[in-house]
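K.L.:
take this sequence and fold it.
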Amino acid sequence: MHQSETADVRRNFSFTNETFNLTFVNQSSHSGSLTPAWTVTPTCLLTICIVGSVANIGALFLFLKDRRSGTPFDNYVINLLGANVVGLLFQYPFAVRSNLFSGWDMGRPACTFYLYILSISDAGIINTHAIIAINRAWAILHPLSFRTTHTKRFTLTVCVGMWVYIQAADTIVLLVDRLTNPVDDLSTGCVFNEVSLSTWLKVTSLMLYILPVFVIQLSFLVVMINKILRSRAATERSAQVRLRNEVLQPVAQEEPPQGSLTSGTKRTEDITTAQIVPQPVKPVVVPGPRRRRSSKYFMLMLLTLSIAIFTLPDMVYYLLVGAIPNFWIPKWYEVAYLLFTCQTVVDPIIFVLTMDKLRITRRQQ
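P.N.:
Residues are numbered from 1 along each chain as shown. Predicted coordinates for the structure are as follows:
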């Protein structure tokens with residue numbers, strides 16, 4: 001069973017980022033059941049753990065093998081795939097075992113390690129998504145400043161700064177939890193001390209989870225509005241050019257009165273008039289930049305859509321848990337949690353579909 005459906009469970013799952021993935025709480029027993037229960041949750045978790053590990057490690061291998069993958073944006077992709085791998089290899093096995101045996105029997109050190117990995121990996125995944133969304137929006141809206149500012153050093157600084165920010169927030173939570181809950185009592189499972197950490201957990205939830213998801217959706221919305229406005233402006237300019245040509249074209253074709261000009265003069269004025277009349281400006285087709293811009297739109301769209309499908313339900317659920325007293329729908333929680341874990345499988349697929357270098361490398365295998 002995914003979670004015990006008692007009031008104690010509700011008490012241990014408040015509006016906190018760290019409890020988004022705590023799926024192995026056992027309210028009745030410290031040691032848990034001795035017989036593994038292959039229910040939906042542990043089966044799905046094990047499948048996601050295996051498939052996600054293969055997909056992310058494979059994408060990293062393809063990415064690093066391609067010697068042309070030396071753009072600044074590559075640092076963000078490596079950062080996200082690396083966060084996925086850390087969570088899949090060091091967080092999910094604990095979750096699978098705890099769901100199988102309905103409890104935590106691996107001791108306090110293992111619990112502290114799990115909570116640490118859970119906090120930094122999940123926060124790293126979502127915040128890297130936010131950074132990539134801002135990056136793609138920047139490249140589309142302000143391409144000139146993007147090209148001059150977006151260097152490898154810049155992207156490395158952003159990635160390092162993100163991890164320092166996450167480490168600072170989560171380390172404080174872990175230290176306060178350990179100081180306020182020194183007794184190694186895991187009878188309620190491997191969870192944070194909700195009573196002493198209520199304020200800290202709400203703040204870190206807002207900083208590390210809610211705000212990045214909002215930034216991702218906002219970035220896509222701004223880009224789409226900008227795209228619509230540009231398309232309208234281009235359509236209006238094209239209509240104005242066509243209208244001007246339609247007005248001026250008959251003037252260029254008018255014949256002067258017979259006998260007023262010699263044939264030589266007439267021919268000269270015809271040439272002069274033809275040179276003065278504006279001609280329709282044919283757009284210059286540049287396949288490379290247009291394809292790159294379309295790829296940026298496509299990547300931003302897929303990343304935003306994946307967050308909306310796989311991560312947003314989890315965030316909305318815990319917002320409702322924190323806002324509505326005694327709000328707890330176990331089935332919704334279980335579905336939202338499993339959708340959240342699917343994000344690690346979807347990420348490498350999106351990059352393979354939207355990055356030319358990964359597609360070419362994959363076809364050469």
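K.L.:
buried sites along the strand or helix carrying residue 129?
P.N.:
Using DSSP states H and E, residue 129 sits in helix 107-141. By neighbour count with 16 or more other Cβ atoms under 10 Å, helix 107-141 contains the buried residues 108, 111, 113-140. To be clear about C-beta, it is placed using only N, CA and C from the backbone, and glycine gets the same treatment.
K.L.:
over to stretch 98-108?
P.N.:
The neighbour-count check on stretch 98-108 (16+ other Cβ under 10 Å) flags 98-106, 108 as buried.
K.L.:
pull the longest helix from the chain.
P.N.:
Determined from DSSP state H, the single longest helix within the chain is helix 211-253.
K.L.:
okay, angle between it and helix 107-141 too, please.
P.N.:
Orientation of helix 211-253 against helix 107-141 (axes from the mean of the first three to the mean of the last three Cα atoms, to 10 degrees) gives an angle of 10 degrees.
K.L.:
by contact count, what packs against helix 211-253?
P.N.:
Packing contacts for helix 211-253, counted by 3 or more Cβ pairs under 8 Å, 6 or more residues apart in numbering; DSSP states H and E, involve helix 107-141, helix 263-276, helix 287-310.
K.L.:
weakest of the ones you listed in terms of mean pLDDT?
P.N.:
Across the helices and strands packed on helix 211-253, helix 263-276 has the smallest mean pLDDT, namely a mean of 51.
K.L.:
show me what the mean pLDDT comes to for stretch 349-365.
P.N.:
On average, stretch 349-365 scores 68.
K.L.:
same question, stretch 72-81
P.N.:
Confidence for stretch 72-81, expressed as mean pLDDT, is 91.
K.L.:
residues in contact with residue 227?
P.N.:
Residues near residue 227 by Cβ atoms under 8 Å, 6 or more residues apart in numbering: 140, 297.
K.L.:
and the helix or strand that the helix holding residue 129 is followed by, what's buried?
P.N.:
Downstream of helix 107-141, the first helix or strand assigned by DSSP H and E is helix 143-149. Buried positions in helix 143-149, judged by neighbour count with 16+ other Cβ under 10 Å: residue 146.
K.L.:
which strands or helices does the helix or strand just after helix 143-149 pack on?
P.N.:
Per DSSP H and E, the first helix or strand lying C-terminal to helix 143-149 is helix 152-180. Here helix 152-180 touches helix 74-90, helix 107-141, helix 198-205, going by 3+ Cβ pairs under 8 Å, 6+ apart.
K.L.:
list the helices and strands the second one packs on?
P.N.:
If I follow you right, that is helix 107-141. helix 74-90, helix 143-149, helix 152-180, helix 211-253, helix 287-310, helix 330-354.
K.L.:
which residues are contacting the shortest one?
P.N.:
If I follow you right, that is helix 143-149. Applying Cβ under 8 Å, 6+ apart, the external contacts of helix 143-149 come out as 138-139.
K.L.:
pLDDT averaged over it - what is it?
P.N.:
90.
K.L.:
the fourth one too?
P.N.:
With pLDDT averaged residue by residue, helix 211-253 scores 79.
K.L.:
quick one: which of the helices and strands packed on helix 107-141 is nearest residue 50?
P.N.:
Of all those, helix 74-90 sits nearest to residue 50, with 8.7 Å by Cβ to Cβ.
K.L.:
what packs against that closest one?
P.N.:
helix 40-65, helix 107-141, helix 152-180, helix 330-354.
K.L.:
for whichever helix or strand comes after it, the averaged confidence score.
P.N.:
Counting by DSSP H and E, the element after helix 74-90 in chain order, helix or strand, is helix 92-101. Taken as a whole, helix 92-101 has a mean pLDDT of 88.
K.L.:
tell me the gap between helix 92-101 and the middle of its chain.
P.N.:
Its chain's C-alpha centre and that of helix 92-101 lie 26 Å apart, by Cα atoms, centre = their mean, to the nearest Å.
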